[in-house]
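[1] structure here, sequence nowhere to be found:
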Ligand SMILES: Cc1cc2nc3c(=O)[nH]c(=O)nc-3n(C[C@H](O)[C@H](O)[C@H](O)COP(=O)(O)OP(=O)(O)OC[C@H]3O[C@@H](n4cnc5c(N)ncnc54)[C@H](O)[C@@H]3O)c2cc1C
C-alpha cells in the first residue's frame, strides 16, 4: 500500500510556469525530441505563432523527417494504406492532392497512384504519405529559415536522456552526439513497441513492425492476436508472402495460394470476435474539431461536480446533441438509454451476424455512403466523441474512466477504426479462399512460450471449453499499448522525480478506501487522506506539461509521445490528436491575448 504526497490537486490545469517575453531577449530555445508527424504538426504550430523569437532544434534518430513510424519502412510496406484521406488531415503547407499532382511519375507508378484520378477523398499508400509529410517538413523548415528562425535538424541523433535543471532554469537534452540546453523541450518520440519474446523465440513477433520481418513464406497456420488495423497490416503482408490477389474484370478480388504454401492460413484472435468497421464518408471531414468542450464549460461543470467532469456530460454534449441534429430518427431510438445500454444495443446488433457476413454488409453500407457522399451519422458522432473526450478525460473520476474502458471504448475502437476499402476487400477475399478466419477468445486468453520454445495460445471458447493450440508463428497485433512510467526511455525524468504516474481521484472514497485496505496496489492514498486510482502513463496538465509528484510543473517539458500518456488520453486518434495537442502546447508557450488563444484553440 502506498501513501502519496501530492499537495496540489493533480488534475489542476497548471499553467506554464515560465512564460517567455521576447522583446530584446535571446530567442526561446526549443528542443523537439523525435522528428515524426507530431513533431511536424508541432513545428507548424510554432511557426503559426508568427512573430515569436524562437530557435528550434529537432533530434531525429533516423535519417528522415516527417514520416515517423507508420509512414516509413519502420511501419509500412507498399501494401499498407492510411485510414485517412487528404481532406481529413490537418492543414500543412500544401494539400495531398496538390502534392500528388507535382510528384514524379515514377514514384506514383511505383505506388500505383494515378494523379489524374486522385483527389483528397482517397486514402493512399502509407509510404507515399510519408514522403508527403517529409516534403511538408522540408518546406516548413525553409519557410522558417526565410523568416530568420534558426532551425537545426540533428539527423541520426537518438535522445537518450532529458534532464530538467531547476536551478539553472534549463532543460538538457542528452543525445548520441552530446548534450544541448533548452528553455523548452517537447517530446514527440511517438510509438514504442517493447519486445518480450521477439528475437529470442523463433516465430514469435511482439508486433508486426517493421512489417518486412513478416514478408517471408510461412507454410503453416499463423496466429494473430487482434483483429483491427494492426492485425490487417500483418495480414496484408503475410498474404502477399504466400500467394497473390487477383482482380477480375468486374472488380472482384480473389486470393490464390502459392503452390509452395499449401498449409498457410491465418486466424485472428479477438476478445469480442468483431472485425473493424469500414471507412465511410464523413460529413465533417475534420470530425467537428470545434466539438471539444471549452475550458470554461469544463471548469463550470467540474465546479458543480466535486471537481469531476462526468462522462455522461461528455456523452451528452459530444454524442447525443450532435446526433439529434444529424440523425433525429436514430437519436429518438437511443436518447433515453444510458451509455451502457447504448453500447449493449449496438454490440448486440453486431452479434446478430457472423463477423464476415457483417463485414460484407458494412462494405456495401460504406460504398453507398462514399458514392452518395452521405455519412453514417451515429458512427461519425462516435468518432467525434472519441476525439472530443480525449482532451478532458484527465478530469474524469476513476469510476467514469473505468466505465469508459469497459463499456464505451470497446465499441468506439471497433467503429472508428475506419478500415480502408482495399484492406477489407482483401480480408473478404482471404476469408472466401478459406485462408483467414476470426475467433472470439474473451478476456482471459493467454499466449505462453514453453520450455521447448513452443508458442501455445490458450483460451476458453463460447461453450466454456478450454482450447490450447501450438503455433509456429504468432504475431501480436493488438496495436500500440499504453505504456507505464517506468518504460519512459529518459532515465533522469524518473530518477529526479520530474515526472509522476497518472492518477484519477475516486468519486466514491469509501469504496476506494476498502480497495486500498484490501491491498489493491492500483489504489493510492494521498497525504490528505483521499484515494486515487493509478492509470497508465504519466501525469500531464491541460497543456501537456509533465507534472511531478506534487502536481507541479517547471513548465519546461511537454510530453506528446502517446504511449506514455495513455492514462489521461484514452484514445490514440492519430494525426488529428497530434494537431490538437500541438495547438495547446504552442498556446501555453507564448503569452498571447485570450482572444488569440481562443482562435488558436478552435
Ligand atoms: C501502423 C500505424 C498506422 C497508423 N495509421 C494512421 C493513419 O492512417 N491515420 C492517422 O491519423 N493515424 C494513424 N496512425 C496513428 C499514428 O499514431 C500517428 O499518425 C503518428 O504516427 C504519430 O506520430 P508521432 O510523431 O507521434 O510518432 P511516430 O510516428 O512514432 O514518430 C516518432 C519519431 O520520433 C523518432 N524518435 C523516437 N525516439 C527517438 C529518440 N529517442 N531520439 C530521437 N528520435 C526519436 C522516431 O524515429 C520517429 O521518427 C497509425 C499508427 C500506426 C502505429
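    Looks like it came in fine. If you're wondering where the values come from, they're calculated on a predicted model, not measured in any experiment.

[2] packing partners of the longest helix that the chain contains?
    If you go by DSSP state H, the chain has its longest helix at helix 126-146. On a contact count with 3 or more Cβ pairs under 8 Å, 6 or more residues apart in numbering; DSSP states H and E, helix 126-146 meets helix 37-48, helix 96-102, strand 150-155. For the C-beta atoms, the positions are set from N, CA and C on the backbone; glycine is no exception.

[3] winner for burial among these?
    helix 37-48 (a mean of 24; mean count of other Cβ atoms under 10 Å).

[4] give me the angle between that one and strand 150-155.
    170 degrees (axes from the mean of the first three to the mean of the last three Cα atoms, to 10 degrees).

[5] related to what we said a few turns ago, looking at the helices and strands packed on helix 126-146, which is nearest to the ligand?
    Minimum separation from the ligand across the helices and strands packed on helix 126-146 (Cβ to the nearest ligand atom) falls at helix 37-48, 3.3 Å.

[6] rewinding a little: how far off centre is the longest helix of the chain?
    Here helix 126-146 is found 22 Å from its chain centre; the criterion is Cα atoms, centre = their mean, to the nearest Å.

[7] so that helix versus helix 37-48, what angle?
    30 degrees.

[8] now helix 126-146: average pLDDT?
    For helix 126-146, the mean pLDDT works out to 96.

[9] if we can go back for a sec, now the helices and strands packed on helix 126-146 in TSV, please, with extra columns for distance to the ligand and mean pLDDT.
    Compiled in TSV, these are given as follows (distance: least, Cβ to the nearest ligand atom, whole Å; pLDDT from 0 to 100):
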stretch	distance to the ligand	mean pLDDT
helix 37-48	3	96
helix 96-102	12	94
strand 150-155	8	97
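
[10] and the ones you listed: which comes nearest residue 454?
    Of all the helices and strands packed on helix 126-146, helix 37-48 sits nearest to residue 454, with 39.1 Å by Cβ to Cβ.

[11] the helix or strand that the closest one is followed by pairs with which strands, and in what direction?
    Scanning forward in sequence from helix 37-48 by DSSP states H and E, the next helix or strand is strand 54-60. Strand 54-60 pairs in its sheet with strand 28-33 (parallel), strand 150-155 (parallel), by DSSP bridges.

[12] got a list of contacts for strand 54-60?
    Contacts of strand 54-60 from elsewhere in the structure, counted by Cβ atoms under 8 Å, 6 or more residues apart in numbering, are 27-36, 39, 43, 46, 65, 144, 149-159, 173, 175, 180, 182.

[13] please repeat the previous calculation with a cut-off of 6 Å.
    With contacts defined as Cβ atoms under 6 Å, 6 or more residues apart in numbering, strand 54-60 is touched by 27-33, 35, 150-155, 157, 159, 175.

[14] tell me the SS of residue 475?
    Of the three states, residue 475 takes strand under DSSP: H, G, I helix; E, B strand; the rest coil.

[15] the ligand contacts on the protein?
    33-39, 59-62, 68-70, 75, 82-84, 158-159, 188-191, 233, 480, 572, 574-575, 578 (Cβ under 6 Å from any ligand atom).

[16] which single residue in the stretch 251-400 of the chain comes nearest to the ligand?
    residue 279 (10.1 Å).

[17] pLDDT score for that residue?
    pLDDT at residue 279 comes out at 93.

[18] what's around the nearest residue to it once chain neighbours are set aside, how many residues?
    With sequence-adjacent residues excluded and distances taken as Cβ to Cβ, 6 or more residues apart in numbering, residue 279 is closest to residue 418, at 4.2 Å. Taking other Cβ atoms under 10 Å as the criterion, the count of residues near residue 418 is 22.

[19] touching, residue 418 and residue 83? I think so.
    Yes. Residue 418 lies in contact with residue 83 (Cβ atoms under 6 Å); the separation is 4.6 Å.

[20] quick one: low-confidence ranges for the stretch 51-200 of the chain?
    The model of the stretch 51-200 of the chain has pLDDT under 70 over residues 51-52.

[21] please apply the same query to the chain.
    In the chain (pLDDT under 70), the answer is 1-24, 50-52, 286-291, 572, 591-602.

[22] please enumerate the helices of the stretch 301-450 of the chain.
    Under the criterion DSSP state H, counting those that start in this stretch, helices of the stretch 301-450 of the chain are mapped to 311-315, 321-326, 328-334, 339-351, 355-371, 377-390, 398-403, 409-415, 421-432.

[23] how about CSV for those helices, with mean neighbour count added?
    As requested, these are exported to CSV (neighbours: other Cβ atoms under 10 Å):
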stretch, mean neighbour count
helix 311-315, 19
helix 321-326, 16
helix 328-334, 13
helix 339-351, 15
helix 355-371, 16
helix 377-390, 23
helix 398-403, 20
helix 409-415, 19
helix 421-432, 20
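
[24] state whether residue 459 is indeed within a strand.
    Yes. Counting by three-state DSSP, residue 459 falls inside a strand.

[25] what is the burial count for it?
    Residue 459 has 20 nearby residues by other Cβ under 10 Å.

[26] identify the residues contacting it.
    441, 445, 467.

[27] relative to the ligand, how far out is it?
    25 Å (Cβ to the nearest ligand atom, to the nearest Å).

[28] gap between the two ends of stretch 467-482?
    Stretch 467-482 has an end-to-end distance of 28 Å (Cα to Cα, to the nearest Å).

[29] can you list contacts of it?
    By Cβ under 6 Å, 6+ apart, stretch 467-482 touches 191, 203-206, 208, 218, 220, 222-226, 230-231, 234, 454-459, 461, 536, 563, 566.

[30] what's the burial count for the closest residue to residue 375 other than its chain neighbours?
    Residue nearest to residue 375 in three dimensions, not counting chain neighbours: residue 283, with 4.0 Å by Cβ to Cβ, 6+ apart. Number of residues near residue 283 (other Cβ under 10 Å) recorded here: 16.

[31] so how far is residue 372 from residue 283?
    12 Å (Cβ to Cβ, to the nearest Å).

[32] residue 342 contacts residue 334, doesn't it?
    Yes. Residue 342 sits in contact with residue 334 when judged by Cβ under 6 Å, with a separation of 5.3 Å.

[33] the residue of the stretch 151-300 of the chain at minimum distance from the ligand: what secondary structure?
    Taking Cβ to the nearest ligand atom, the ligand has its nearest neighbour within the stretch 151-300 of the chain at residue 190, 2.0 Å off. Counting by three-state DSSP, the backbone at residue 190 sits in coil.

[34] same thing with residue 223?
    strand.

[35] number of nearby residues for it?
    For residue 223, the neighbour count with other Cβ under 10 Å is 23.

[36] distance check, the closest residue to residue 156 other than its chain neighbours against residue 132.
    Spatially, and ignoring its direct neighbours in sequence, residue 156 is nearest to residue 63 (5.8 Å; Cβ to Cβ, 6+ apart). Distance, residue 63 to residue 132, using Cβ to Cβ: 17 Å.

[37] compare these two and say which is more crowded by neighbours.
    Remark: of residue 63 and residue 132, residue 132 carries more neighbours, 24 against 8, as counted by other Cβ under 10 Å.

[38] could you find the closest non-adjacent residue to that one?
    Residue 132's closest residue in space is residue 99 (Cβ to Cβ, 6+ apart), at 5.1 Å.

[39] was I right to think that neighbour contacts residue 131?
    No. At 8.6 Å, residue 99 does not count as touching residue 131 under the criterion of Cβ under 6 Å.

[40] before we move on, what SS does residue 200 have?
    Per three-state DSSP, residue 200 ends up coil.

[41] buried residues in the longest helix of the chain, which are they?
    126-137, 140-141, 144 (16 or more other Cβ atoms under 10 Å).

[42] which residues in the stretch 401-550 of the chain form strands?
    Here the stretch 401-550 of the chain has its strands, by DSSP state E, counting those that start in this stretch, at 436-440, 446-449, 455-460, 466-471, 473-476, 501-505, 523-526, 531-538.

[43] end-to-end on stretch 497-504?
    Stretch 497-504: ends 19 Å apart by Cα to Cα.
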